[in-house]
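Undergrad: Sharing a model prediction with you, sequence too.
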Amino acid sequence: MIGVYLGFFKRIPHLSSLLGDNIVYRPLPNAGGLSAVAGWGLKPSSQKARRFAEKKGLPYIRIEDGFLRSFGLGVTGHPPLSLVVDDVGIYYDATRPSRLENILNNDDLSDPSLHISARKAMSLIAEYGLSKYNNAPDMDLSSISSSGRKKVLVIDQTYGDMSVVYGMAGENSFREMLEAATDENPEADIFIKTHPDVVAGKKRGYLASIRSNNRVKVISGHLNPISLIRGMDRVYTVTSQMGFEALLLGKPVTCFGVPFYSGWGVTDDRTVQPRRTRKRSVEEIFIAAYMNYCRYLDPATACQGTIFDVIEHLGRQRRMASQNSGRLFFFGFSRWKRHHIRSFFQGYSSEIIFCRRMDQAMKQGLDQSSRIVVWGHNDPEGLSEFASLSGNEIWRIEDGFIRSVGLGSDFVPPMSLVLDKRGIYYDATRESDLEHILNTQIFSPELLDRAERLRSRIVEGNITKYNTEQIKRPEISIPSGKKVIFVPGQVEDDASIKFGTRDIKTNAQLLQEARRAGPDAFIIYKPHPDVVARNRKGAVSFSGLKGICDHIETKASVISCIGVADEVHTMTSLTGFDALLRAKKVVTYGSPFYAGWGLTEDRHEVPRRRRRLQLSELIAGTLIAYPRYFDWGGKNFVECETIISKIVALRGQLEAEGRISNLQPGYLERRIRKTILLLKGLAGK
C-alpha cells in the first residue's frame, strides 16, 4: 500500500491500476501497513509526504506524468494514461540521480526482444504523431517551407517549469539558446515554438517577449509537435521533451540544459552532467524511459496496460479528431440527438452547426469547404442540388449494429454510429461504404482472427443491438421433429424497409411468406421492441396471426428465439445478422447489408455484391472497419471489443440488481430523459 497526502491524487482515475499498488489517502499517523509514501514530483506541496516518510522510515517515491500522457492537456482536466514512479529522484532533476539515470548508467538494455518492441513503438509514435499531449492538429508545413532555406526550431517552455529549474538551466539559458541558434545557422530560418500551456493561456513562456521578424518567426498556434519537427532540419532546446521526440525523428538536437536524454552521446550538449558516463543509442534511451521507467493504463479496461495500449488509444483519438475537424453542418437531427452527436464529432477546432433548412445553413456560412452530415435520408430540400454543384460530400449517419443497453426511442445514448460517404448500409439502391469495404477490402489473417474472437465474445455475451431483454429460453412447447422458423418483427416505417425491400414490406406479409416457405414448420413471431414499447409503427393484431404463426413471443429476447430456431426469415432485420453470428440459416426477403455475399438464402439478388465472403470477413467489415464506437464513461473513441465489455458488465450489474427486466421506461421517465437531452442540445453541451 502506498500512502499519499495530496488531494490532487484523488483526481487521477484508476491510480491504483496505474501504479500497481493500493492507495491510502492521508495515511494515519502510525503508518501501519504502508510500504511507501508518494508525492507528486518536486512540488513544494509534496514536502509533507516526504517528511512523513522520513519520520516513519518508509521509502519515498516521486510520481509524475509519463511521456505519452493523454489526448488533451492536464490543465484542462484530461487525466494521465501514463505515470513515472521513481524511488531515487525524478527524471527531470539533473542535480541528483534518478531511477531513469541509474537504468541508463548501469542496466543491460541489449535484450533483442526489447529492441524489437522499441522499434515498433517508436515507429508507431512517429506514424501517429504522438507526443505528451495530443489534442492539436498537424501543422501545414507549406506555411513554413516557402523560403527554400534550412529551418531551425527553438523550443520555448513554461516559465518556472520544474524541468528547467532542476535541469541545470534558467532564464539566461533560453536567451543563450536563441542567440546560438541564430549565430550557428546564419543561412537558416529560425522558428520559436510556444508551449501548449502558454497557447492555452494557462502559463507564460521564457521567450514570450520575442516577436517575429525577417529571421525569427514565432509559432504560437495550437499544433502537433511531431508534425512541426518533421519540417525542421535542426532543433534547439533547454530541457523540453520535444528534444527527444526530435531524436526519434532523426533530427540533430542541441541542449542548453540537462534533460533526461542528454549526456548519453546522442545530443550536442552545452551543459554537461558528469554523472552520465555511458554512451547510449536513441533506441536504448527509449527503452529505458518509455518502456522500463513508465507505467501505463489500458484505457479500454482501466487496468495496468502497456505502451502499445496507450499508443493505439492516442492514435485512435487523433485519427477521429482529424476526421472531425472543420465546419460541420448537420441536417435532420432531432434536438434530443444533438447532445450525443457532439461527442461523436469532437475534433481539432471542429465547429458543429445544426440546421433544418438550406437557407439557414447558407446564412451560417455553408460553402465548398464545409462538411455536410445528414441523419439517414433526412435531407432538406435543395441539399442534393447544392452538393452536386459544389462538390461537397454528404456523410450519412445511423446507429451502429451494437448500439446500447436500452432503446434509442427511449433516449438512451448510442455507443456506436456509422458514418457513410457513399450511401448508408440499409439503402440497397446504391453502394454504401460498407458494401464497398465488403466488395474490395483484403482482410488480413490477423483481422480475421480478431473477427472470429469478436464473434465468440458476442455469442458468449448474448450481445445484440439494444441488449434490453432477459436471456432465457422461450416458454414454448414445440412439437418434436418440427422445423422451427423464427420471424423477427420490424418497424414498418423504418428506412431499411423503404430502401431495402421490394415486394414484402410489412410484418404480416413477411409472416405469410415464411408460412409458404415452411407450411409444416413451427413459426415463432417476435414483435420489434420499439413496436412493443409503442414508440414506432409495425403492430400486427394477434387475431390476424392465427394460422400464420404458432407462437407470439413478447418476453424472451431475440437471442433466445434465435437459439431455439432452425431458420430465421426476415425482410432486412439486424436479427438476420445476429443469427448468422450464431450459425443459423437465414432467409432474406429484402436486401439487408449481410445478404448477397453467399452467407444467406436470398429472394432478391444485389448484382453489385460480387464477392463470396466468409463469415469472419463479413464481421470484420461490419463491426470493425465500418462503425465508430464511443465510451461515454471515458469520453473517448474505442474499439468494438471495449463496447462489448462495457455492455456485458452493465447487463451483469442490472441482472444482479434485478433491473434487466425493467429497462423500458414509462411515459414520465421518457419525457424527463427527452427534456434533459433537449436542454443539453440547446446549450450546445
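TA: Everything's here; your move.

Undergrad: For the rest of this, base every contact and every neighbour count on C-alpha atoms.
TA: Will do.

Undergrad: thinking Lys483 is in contact with Asp566, fair?
TA: Yes: taking CA atoms under 8 Å as the definition, Lys483 is a contact partner of Asp566 at 6.3 Å.

Undergrad: More neighbours: which of those two?
TA: Shown here are Lys483 and Asp566; by other CA atoms under 10 Å, Asp566 has more neighbours (18 against 15).

Undergrad: what's the distance between the nearest residue in space to that one that is not next to it in sequence and Phe286?
TA: Excluding the flanking residues, the one nearest Asp566 by CA to CA, 6 or more residues apart in numbering is Val484, at 5.2 Å. Using CA to CA, to the nearest Å, we find Val484 at a distance of 61 Å from Phe286.

Undergrad: Spell out the secondary structure type for the residue nearest the centre of the chain.
TA: Closest to where the C-alpha atoms of the chain average out (CA atoms, centre = their mean) is Phe637, at 1.9 Å. With DSSP: H, G, I helix; E, B strand; the rest coil as the basis, Phe637 sits in strand.

Undergrad: gap between it and Trp40?
TA: 29 Å.

Undergrad: got it, and Ala188?
TA: Taken as CA to CA, the span from Ala188 to Trp40 is 41 Å.

Undergrad: count of neighbours near Asn292?
TA: 15.

Undergrad: swap in the one 4 residues further on?
TA: By other CA under 10 Å, the residues close to Tyr296 number 28.

Undergrad: Shouldn't it be within a strand?
TA: Yes: the assignment for Tyr296 is a strand, going by three-state DSSP.

Undergrad: Chain neighbours aside, what residue packs nearest to it?
TA: Nearest to Tyr296 is Ser82, by CA to CA, 6+ apart, at 4.4 Å.

Undergrad: you'd agree that neighbour is up against Gly66?
TA: Yes: under the criterion of CA under 8 Å, Ser82 makes contact with Gly66 at 4.7 Å.

Undergrad: Give me the pLDDT for the residue nearest to the centre of the chain.
TA: Phe637 is assigned 95 on the pLDDT scale.

Undergrad: dump the residue contacts of it.
TA: Residues in contact with Phe637 (CA atoms under 8 Å, 6 or more residues apart in numbering) are 316-317, 320, 628-631.

Undergrad: Now intersect those with the strands, please.
TA: Judged by DSSP state E, those include 628-631 as members of strands.

Undergrad: could those go into CSV alongside neighbour count?
TA: Shown next, in CSV, are the ones in strands among the contacts of Phe637 (neighbours: other CA atoms under 10 Å):
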residue, neighbour count
Arg628, 20
Tyr629, 24
Phe630, 21
Asp631, 19
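
Undergrad: For the residues you listed, name the two members farthest from one another.
TA: The two members of the ones in strands among the contacts of Phe637 with the most space between them (CA to CA) are Arg628 and Asp631, at 10.4 Å.

Undergrad: Now the common contact residues for these two.
TA: 637-638.

Undergrad: ok so, going back, run through the residues that contact the residue nearest to Asp566.
TA: Going by CA under 8 Å, 6+ apart, the list of residues near Val484 reads 521-524, 564-567.

Undergrad: pLDDT weak spots in the stretch 451-600 of the chain?
TA: 529-544, 546 (pLDDT under 70).

Undergrad: list the contacts for Phe354?
TA: By CA under 8 Å, 6+ apart, the contact list for Phe354 reads 329-331, 333.

Undergrad: By neighbours, which of these wins?
TA: Going by other CA under 10 Å, Phe331 tops the contacts of Phe354 with 24 neighbours.

Undergrad: so that one touches Val374, yeah?
TA: Yes: between Phe331 and Val374 there is a contact under CA under 8 Å: 4.8 Å.

Undergrad: From the chain's centre, how far out is stretch 566-575? Work that out for me.
TA: 32 Å (CA atoms, centre = their mean, to the nearest Å).

Undergrad: Quickly list the domain ranges of the protein.
TA: As assigned by automatic domain parsing, the chain contains the domains 2-93, 112-290, 463-635.

Undergrad: Ok, which of those domains comes nearest Leu654?
TA: So among the domains of the chain, domain 463-635 is nearest, using CA to CA, at 10.1 Å.

Undergrad: measure that closest one end to end?
TA: OK, domain 463-635 end separation, CA to CA: 22 Å.
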